[in-house]
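Peer 1: everything below, folded, please.
(4 chains)
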There are 2 protein chains.
Amino acid sequence: MQTVRDLERNLGGDTADRSDPHSPAVDSVLDALMSIGRLMRHRVQGDHLDPGTFWLLKTLLGSGSLRVTELAGCANLDTSTVSRHVTQLDRAGLIHRTPDPQDGRAQRVELSEHGRAELQSALTQRRALLTRSLEGWDDADVEQLDVLLARFVGNIESLTAELEQA
Amino acid sequence: MQTVRDLERNLGGDTADRSDPHSPAVDSVLDALMSIGRLMRHRVQGDHLDPGTFWLLKTLLGSGSLRVTELAGCANLDTSTVSRHVTQLDRAGLIHRTPDPQDGRAQRVELSEHGRAELQSALTQRRALLTRSLEGWDDADVEQLDVLLARFVGNIESLTAELEQA
DNA sequence: CAACATGCATGCATCATGCATCTAGTTGTA
DNA sequence: TACAACTAGATGCATGATGCATGCATGTTG
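Peer 2: Have a look, this model is predicted:
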C-alpha cells in the first residue's frame, strides 16, 4: 500500500519516477481518458436525452426507487438541483413520484413506463454507436477491454471514495 | 473479477442484439465509459484548474500557438465562448496573446511560462492519482489497457468525425 | 411538549454557453 | 483604386444548470 508520503514524493518533479512501475503507459492512459471524457461531454452519444436526464434515468433503472437525496448523492449534485430535475422529469412523464410510506417528508422516485422506454431507446443508440466503433475487433480484444476497463473503473472508484473519506 | 456486464445482466432485460458480434461486452464497456465520464466530470482529478481551463491549456501545449477560432474548433465550442475563456486566461497570466503577423484580425494564443507550469502541475496530480489507481496491476495488464484504450479512442474519434461530416 | 434534525422546494446569484450583432481587418472584383 | 463581401474576434443578451441560503413540513429525541 502506497502512503500519502509516497504520493507527495511523486508530485515532486521527476516524472519518470522509479517507484512507479507503469510510468511509460500511465501518460498514455491519461490521454486516452481525457479524450473519452471530452467525447462523452460533447454529446457524441447521439441520443435526445440531455446528459443529466440520461444519468438520472440510468441511475433509477439500476436502483428501483430512490429518494431525491439519494439521487443527489449518486450524482454528486446538490439536492436542490436534483429536486428541480425530478420536477422536470415528472412533468415530462418520465418518472413517478410517490410519498414514502416510511417517512412523510421523503418521496420515492422511480421510472415510469415512458421513462423506461426513453431510456432504453437512448441506450440502444449509444450501444449502436459503440458497436460501430468496435467493428473489426475480435472478440478476445473486446472481452479484454471490458475486463480491464471494469477493473480500472473499480479501482478508481474505490480510490476516490477513499480520498473523499479522508 | 466481476465485470459491469455481470451486474447489468441481473438488472435489465435481454438487451443483447444478435447481430452484434460483441454484444455481451458492449453494454459493459458502455457502462464503464459512462462511469469514467462521470468521474472525469466531477473533478476527481484533484487539481485546481477547472475542466475548461485545463482542456484549453492542454490543447495549447500540444499545438504551439493557435487562433481563437481554431481553439473553438478543437473544443467544439462557440468562438465567443473561447474568446471569453482566452480573455480570462490572459488576465490570469496563463497564456500570451500576440497579433497574427499574417492577419491583422487574428491573434496567436500560446502558453505562458506560468501557464505551462500550472498545466504541468495539474498533469502531475492527475498522473499521481492514476498511478495510485493502477497499484497492484502488473505491467502486461497496464500495457494491454493502454493499447486497447488507444485503439478504442482512435476508433471512436474517426467514427464521430465520419458522422459529423455526413 | 420543546428543541433540534432531516427531506424537499424555492429564491437568488453566479457562471458557462450560444446566438445575434458589432468592429476592424482582409479579400475579391469591377 | 473603390467598393462589396467576407472573416476574426469581442460584446450584449437570453437561457439553462448549478450551489447556497432559506423556508416549510415532517420526524426524532430529550
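Peer 1: not counting sequence-adjacent ones, nearest residue to the spatially most central residue of chain A?
Peer 2: Centroid check for chain A by CA atoms, centre = their mean gives A:W55 as the closest residue, at 7.5 Å. Spatially, and ignoring its direct neighbours in sequence, A:W55 is nearest to A:A75 (6.2 Å; CB to CB, 6 or more residues apart in numbering or on different chains). From N, CA and C alone the C-beta is placed, and that goes for glycine too.
Peer 1: same check on A:S83?
Peer 2: Nearest in space to A:S83, with sequence neighbours left out and distances taken as CB to CB, 6+ apart, is A:V68 at 5.5 Å.
Peer 1: list the contacts for the one you found?
Peer 2: By CB atoms under 8 Å, 6 or more residues apart in numbering or on different chains, the contact list for A:V68 reads A:T79, A:V82, A:S83, A:V86, A:A106, A:Q107, A:V109.
Peer 1: mind listing what's buried along stretch A:135-145?
Peer 2: A:W137, A:D141, A:V142, A:E143, A:Q144, A:L145 (16 or more other CB atoms under 10 Å in any protein chain shown).
Peer 1: including pLDDT, could those go into JSON lines?
Peer 2: Conversion of these to JSON lines gives the following (pLDDT from 0 to 100):
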{"residue": "A:W137", "pLDDT": "93"}
{"residue": "A:D141", "pLDDT": "94"}
{"residue": "A:V142", "pLDDT": "94"}
{"residue": "A:E143", "pLDDT": "93"}
{"residue": "A:Q144", "pLDDT": "94"}
{"residue": "A:L145", "pLDDT": "94"}
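Peer 1: which residues does A:E70 contact?
Peer 2: A:E70 makes contact with A:S63 under the criterion CB under 8 Å, 6+ apart.
Peer 1: now the helix or strand containing it: buried residues?
Peer 2: Taking DSSP states H and E as the definition, one finds A:E70 inside helix A:68-75. Within helix A:68-75, the residues that count as buried by 16+ other CB under 10 Å are A:V68, A:E70, A:L71, A:A72, A:C74, A:A75.
Peer 1: kindly report the same for stretch A:97-113.
Peer 2: For stretch A:97-113, the buried set under the neighbour-count rule, 16+ other CB under 10 Å, comprises A:Q107, A:R108, A:V109, A:E110, A:L111, A:S112.
Peer 1: could you work out the end-to-end span of it for me?
Peer 2: Using CA to CA, to the nearest Å, one end of stretch A:97-113 lies 13 Å from the other.
Peer 1: hang on, the earlier thing: out of the buried residues of stretch A:135-145, who's nearest DNA strand D?
Peer 2: Ranked by distance to DNA strand D (CB to the nearest atom of the strand), the buried residues of stretch A:135-145 are led by A:L145 at 28.9 Å.
Peer 1: before we move on, back to that, in what helix or strand does the residue nearest to the centre of chain A lie?
Peer 2: helix A:51-63.
Peer 1: wait, does that helix contact DNA strand C?
Peer 2: No. Using CB under 7 Å from any atom of the strand, helix A:51-63 never reaches DNA strand C; the gap is at least 12.5 Å.
Peer 1: counting neighbours, which bits of that helix end up buried?
Peer 2: A:P51, A:T53, A:F54, A:W55, A:L56, A:L57, A:K58, A:T59, A:L60, A:L61.
Peer 1: roughly how far apart are A:P51 and DNA strand D?
Peer 2: Separation of A:P51 from DNA strand D (CB to the nearest atom of the strand, to the nearest Å): 8 Å.
Peer 1: rewinding a little: for the residue nearest to A:W55, give me the pLDDT.
Peer 2: pLDDT, A:A75: 89.
Peer 1: list the contacts of the nearest residue to A:P99 once chain neighbours are set aside.
Peer 2: Counting by CB to CB, 6+ apart, A:Q107 is the residue found nearest to A:P99 once chain neighbours are left out, at 5.6 Å. By CB under 8 Å, 6+ apart, A:Q107 lies in contact with A:R67, A:V68, A:R97, A:T98, A:P99, A:D100.
Peer 1: ok but the third one is inside a strand, no?
Peer 2: In other words, A:R97. Yes. Under DSSP: H, G, I helix; E, B strand; the rest coil, A:R97 sits within a strand.
Peer 1: so it touches A:D90, yeah?
Peer 2: Yes. With contact defined as CB atoms under 8 Å, A:R97 reaches A:D90; the gap is 5.5 Å.
Peer 1: what is in contact with these two at once?
Peer 2: Contacts common to A:R97 and A:D90, judged by CB under 8 Å, 6+ apart, are absent.
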